[in-house]
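Trainee: sequence and predicted structure, then a few things I'm wondering about:
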Amino acid sequence: MTLSDIIATQESLLKQIPHTSPTSPISATSYLPSKSLTSSLSSLHSLALSVSHNSTKLGLYHSSARNSSKLLVPSSCLDLLPLALAVNLPLTELHRAAAELCKGNALGRPLKVRVEMNTGDVTRAVLAINRCLLDDGNVKEENQIARLVGVVWSACDKFGLSSSSSSSSQGGAVPVPWSNRIAYKRGLLSFVKDANDTLGEFGKMSVVEDEEYYRIIKLENFYEVALSPEGGMSANNSNSISDSISDSISDSSSGSSGLRNTTNYEATTEEIKELVDCDTFNLICKTVNSFSQTDSLMVQSFLDFLKVCRGALKLVLMAVEWGGERELFELVGNVYDVGVVIGEGITNIGGLLYPVELDNGVDSELFNLTRGLGVVVKEVIGIVRGSGEGGNKNGNNTNGREEIETLSTKLDSVVDARVEEIQEAMARSREVEKRLG
């Protein structure tokens, strides 16, 4: 077997890695830690360590041979072939063991996706080394193989086992959870963290009075137009700027739709700074990262809705734990999948709430996202409520239900109202923009 054969084999392995569909139903046959699952994951860890150690030997030999001028042309890779094979053997076995584990029902969705991704990462890292070795005569960077070996280490470290639901990493690699319970909780808690970050960031909004906000917006838009190729303005012909600004703002406030969207040109900060006094420039910069008073109330209505969504994630966490302890694996899988949709929805909405995004006319997109997410929250509430009549294989079926029912009732009573509040706040914002903008 040649190095080219090894590369072809690893490319084939990469194509064979299964990719879990985000829409396919997955119900694991375990929730709490089990000896069989821990044993299977430990085997993957051991194989990954073997790949890592053998890659280190390959890298050290290559460095030594290159420094002694033994490796000058690609054909000299024959000296490295036994070491490349030593890396390929545990890698092939890692693929076989991972495919076998993913084929069964031992893994829930988050753990299955993690195993698939980690297997792919290790394979791609090893492939990068072999391709570099094959082209060694053309490699100019002395430490390139050493750096690629470091990538293999990081990829293999991801197969280390973790008993914590935290996604914190050591050395940059997040280890594999050793049970489905940890994997489910880690995935959901990452969305809770994102929600907390979003709420915390927008909770410190900088607000400008409506009249002042739109006055500065018009001023900024004037410069965007004036500095465009069609506008022909520069620092050299800026004597009549004041008159032009007054005419422009006057025109836009008397029936015109304003200067926004009249040009695709985006003036740089430096260009505008050349044309305005310090106070005006600071006002423009302040507005870029601020909300108008009316927009701030609209954003607050979105934040109130996102708090409901964060509460829905808490409900999902509680339902996953409750169902997992009772071996209601279909419930756990279904509720988790809906929780992922909620978490991703929070992230998407948060990304559209920044002033620069609101200025780009994302109202319809924001409201559609919100309305859709409200439906999903109602869906998870319905699933969780219906689960109270599920089977009971392990423990009292009523334990923990009271807290779940209380939270689901509370969320159900406010989700529709929060969506309506957003719709009203957006209407007020559009009205103010039409009047002042």
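Mentor: Arrived safely, thanks for sending.
Trainee: any stretches of the stretch 251-400 of the chain with poor pLDDT?
Mentor: Along the stretch 251-400 of the chain, segments meeting pLDDT under 70 span 251-289, 359-360, 388-399.
Trainee: ok, which stretches of it are strands?
Mentor: Taking DSSP state E, counting those that start in this stretch, the strands of the stretch 251-400 of the chain run over residues 291-292.
Trainee: what are the ranges of the helices in it?
Mentor: For the stretch 251-400 of the chain, the helices defined by DSSP state H, counting those that start in this stretch occupy 269-275, 278-288, 293-325, 329-351, 355-358, 363-386.
Trainee: just want the angle from the longest one to helix 363-386.
Mentor: Translated: helix 293-325. Counting by axes from the mean of the first three to the mean of the last three CA atoms, to 10 degrees, helix 293-325 lies at 30 degrees to helix 363-386.
Trainee: in helix 293-325, what counts as buried?
Mentor: Of the residues in helix 293-325, those buried under the neighbour-count criterion (16 or more other CB atoms under 10 Å) are 293-306, 308-313, 315-325. Yep, even glycine has a C-beta here, placed from its N, CA and C like the rest.
Trainee: and if you look at the last one?
Mentor: Counting neighbours by 16+ other CB under 10 Å, one finds that the buried residues in helix 363-386 are 363, 366, 369-370, 373-374, 376-377, 380-381, 383-385.
Trainee: re the thing from before, including distance to Phe191, could the helices of the stretch 251-400 of the chain go into TSV?
Mentor: Conversion of the helices of the stretch 251-400 of the chain to TSV gives the following (distance: least, CB to CB, whole Å):
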stretch	distance to Phe191
helix 269-275	35
helix 278-288	29
helix 293-325	6
helix 329-351	3
helix 355-358	21
helix 363-386	12
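Trainee: these: which one's closest to Pro18?
Mentor: Evaluated with CB to CB, those place helix 329-351 nearest to Pro18, the distance being 17.0 Å.
Trainee: output the closest one as CSV, nothing but the C-alphas.
Mentor: What follows is the C-alpha trace of helix 329-351 in CSV, where atoms were taken according to Å, rounded to 0.1, in the frame of the first residue of the first chain:
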residue,chain,number,x,y,z
PHE,A,329,-37.2,7.9,25.5
GLU,A,330,-39.5,9.0,22.7
LEU,A,331,-40.7,12.0,24.8
VAL,A,332,-37.1,12.9,25.6
GLY,A,333,-36.1,12.9,21.9
ASN,A,334,-39.2,14.9,20.7
VAL,A,335,-38.9,17.5,23.5
TYR,A,336,-35.2,18.0,22.9
ASP,A,337,-35.6,18.5,19.2
VAL,A,338,-38.2,21.2,19.8
GLY,A,339,-35.9,22.7,22.4
VAL,A,340,-33.2,23.0,19.7
VAL,A,341,-35.6,24.9,17.4
ILE,A,342,-36.4,27.3,20.3
GLY,A,343,-32.8,27.8,21.1
GLU,A,344,-31.9,28.5,17.4
GLY,A,345,-34.9,30.9,17.2
ILE,A,346,-33.6,32.9,20.1
THR,A,347,-30.2,33.2,18.5
ASN,A,348,-31.7,34.3,15.2
ILE,A,349,-34.0,36.9,16.7
GLY,A,350,-31.2,38.3,18.9
GLY,A,351,-29.0,38.7,15.8
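Trainee: quick check: buried residues in that helix?
Mentor: When burial is assessed from 16+ other CB under 10 Å, helix 329-351 yields the following buried residues: 329, 331-343, 345-346, 349-350.
Trainee: ok and it relative to helix 363-386, angle-wise?
Mentor: Computed by the same axes, to 10 degrees, the angle between helix 329-351 and helix 363-386 is 160 degrees.
Trainee: from the contact counts, what lies against helix 329-351?
Mentor: Using 3 or more CB pairs under 8 Å, 6 or more residues apart in numbering; DSSP states H and E as the contact criterion, the elements in contact with helix 329-351 are helix 109-134, helix 180-202, helix 293-325, helix 363-386.
Trainee: returning to what we had before: and the helices of the stretch 251-400 of the chain: which comes nearest Val207?
Mentor: helix 293-325 (4.6 Å).
Trainee: now that closest one against helix 180-202, angle please.
Mentor: Taking the same axes, to 10 degrees, one finds that helix 293-325 is oriented at 170 degrees with respect to helix 180-202.
Trainee: what's the distance between Met298 and Trp178?
Mentor: 45 Å (CB to CB, to the nearest Å).
Trainee: any chance of the helices and strands packed on helix 329-351 in TSV, with distance to Thr29 too?
Mentor: Converted to TSV, the helices and strands packed on helix 329-351 look like this (distance: least, CB to CB, whole Å):
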stretch	distance to Thr29
helix 109-134	12
helix 180-202	9
helix 293-325	12
helix 363-386	20
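Trainee: thank you kindly, that will do.
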